[in-house]
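S.K.: only geometry, no sequence info:
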């Protein structure tokens with residue numbers, strides 16, 4: 001959810017100047033993508049512990065042996081699937097909030113968009129809930145973005161946090177588990193992004209008047225994330 005920096009521009013320039021991948025490299029990447037997408041789909045349905053490499057390769061319509069050309073273990077592909085999904089969501093959010101100058105508004109919009117995407121696409125919400133207890137998941141993808149955006153918003157002086165580390169983890173955990181509760185209840189999904197964003201702002205000590213203002217901002221409706229293959 002962080003703003004684009006000169007370092008991002010440098011990476012983009014390096015990528016643009018890099019040689020185009022050859023046919024074999026493209027084929028290898030396509031196979032890897034199929035495996036990762038299949039892992040997302042199986043984990044979304046069954047959870048990490050119940051997912052097997054055999055099910056992943058069958059879902060990807062690939063031979064069992066091809067798995068080990070790309071990944072060393074189930075743990076390896078699980079981490080890659082978490083990182084890849086978070087990055088896909090994160091890039092969409094980055095683009096959507098890039099023009100918002102106020103860090104607190106940008107942070108709030110990022111939270112609302114994250115919840116909206118996980119609410120609108122049940123399989124995404126299920127996947128994130130399934131992996132939320134995987135070790136190191138908070139160091140992957142969206143959580144570093146969220147914590148960075150909260151720190152930027154703190155510089156405005158409108159956030160009042162006494163224990164930063166506890167507040168950050170309470171915020172991330174509350175977002176995940178509130179999404180889970182709304183999925184299980186199958187109710188309130190339409191307003192989930194506003195309710196959870198308001199809760200997040202209250203955790204961070206934002207005044208009620210400003211909470212109302214921030215969640216009243218129009219929220220983009222057209223984000224499309226190619227997330228999980230069925």
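M.R.: Yep, it's here. Because the structure is a prediction, the values reported are computed rather than measured.
S.K.: The helix or strand residue 209 falls within: which residues count as buried?
M.R.: For residue 209, the element it lies in under DSSP states H and E is helix 208-215. Buried residues in helix 208-215, counted by 16 or more other Cβ atoms under 10 Å: 211, 214-215. C-beta here means a position set from N, CA and C on the backbone, and glycine is covered the same way.
S.K.: what does stretch 102-120 give?
M.R.: 103-120.
S.K.: Enumerate every residue touching residue 103.
M.R.: With contact set as Cβ atoms under 8 Å, 6 or more residues apart in numbering, residue 103 has these partners: 149, 152-153, 155-156.
S.K.: Residue 195 in helix, strand or coil?
M.R.: Assigned by DSSP: H, G, I helix; E, B strand; the rest coil, the conformation of residue 195 is helix.
S.K.: What distance do you get for it to residue 201?
M.R.: Look at residue 195 and residue 201: by Cβ to Cβ, to the nearest Å, they are 11 Å apart.
S.K.: so which strand or helix has the spatially most central residue of the chain?
M.R.: Nearest residue to the geometric centre of the chain (Cα atoms, centre = their mean): residue 86, 3.2 Å. Per DSSP H and E, residue 86 falls inside helix 74-97.
S.K.: hang on, the earlier thing: on contacts alone, who are the packing partners of the helix holding residue 209?
M.R.: helix 103-120, helix 192-203 (3 or more Cβ pairs under 8 Å, 6 or more residues apart in numbering; DSSP states H and E).
S.K.: What residues sit buried inside stretch 150-159?
M.R.: 150-154, 158-159.
S.K.: correct me, but residue 147 touches residue 165?
M.R.: No: contact between residue 147 and residue 165 fails when scored by Cβ atoms under 8 Å: they sit 9.4 Å apart.
S.K.: quick check: domain ranges of the protein?
M.R.: Domain ranges of the chain: 24-71, 81-219, per automatic domain parsing.
S.K.: Put together a markdown table for those, with mean pLDDT on each row.
M.R.: Formatted as a markdown table, these follow (pLDDT from 0 to 100):
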| stretch | mean pLDDT |
| --- | --- |
| domain 24-71 | 92 |
| domain 81-219 | 80 |
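S.K.: returning to that earlier point: which of residue 195 and residue 201 has more neighbours?
M.R.: More crowded of residue 195 and residue 201, by other Cβ atoms under 10 Å: residue 201, with 25 against 15.
S.K.: Next, work out how far apart the more buried one and residue 145 are.
M.R.: Using Cβ to Cβ, we find residue 201 at a distance of 17 Å from residue 145.
S.K.: re earlier: and the buried residues of helix 208-215, which is closest to residue 97?
M.R.: residue 214 (12.7 Å; Cβ to Cβ).
S.K.: List the residues that contact the closest one.
M.R.: So residue 214 contacts 104-105, 108, 197, 201, 206 (Cβ under 8 Å, 6+ apart).
S.K.: What is the nearest of those to residue 74?
M.R.: Looking across the contacts of residue 214 and measuring by Cβ to Cβ, the closest to residue 74 is residue 197, at 34.6 Å.
S.K.: quick one, what contacts that closest one?
M.R.: For residue 197, the contact set (Cβ under 8 Å, 6+ apart) comprises 108, 111-112, 115, 214-215.
S.K.: same thing with residue 105?
M.R.: With Cβ under 8 Å, 6+ apart, residue 105 has these contacts: 214, 217.
S.K.: pretty sure residue 102 is touching residue 156, no?
M.R.: Yes: at 7.3 Å, residue 102 counts as touching residue 156 under the criterion of Cβ under 8 Å.
S.K.: Which residue of residue 147 and residue 165 possesses the greater neighbour count?
M.R.: Comparing residue 147 with residue 165 by other Cβ under 10 Å, the one with more neighbours is residue 147, at 20 against 9.
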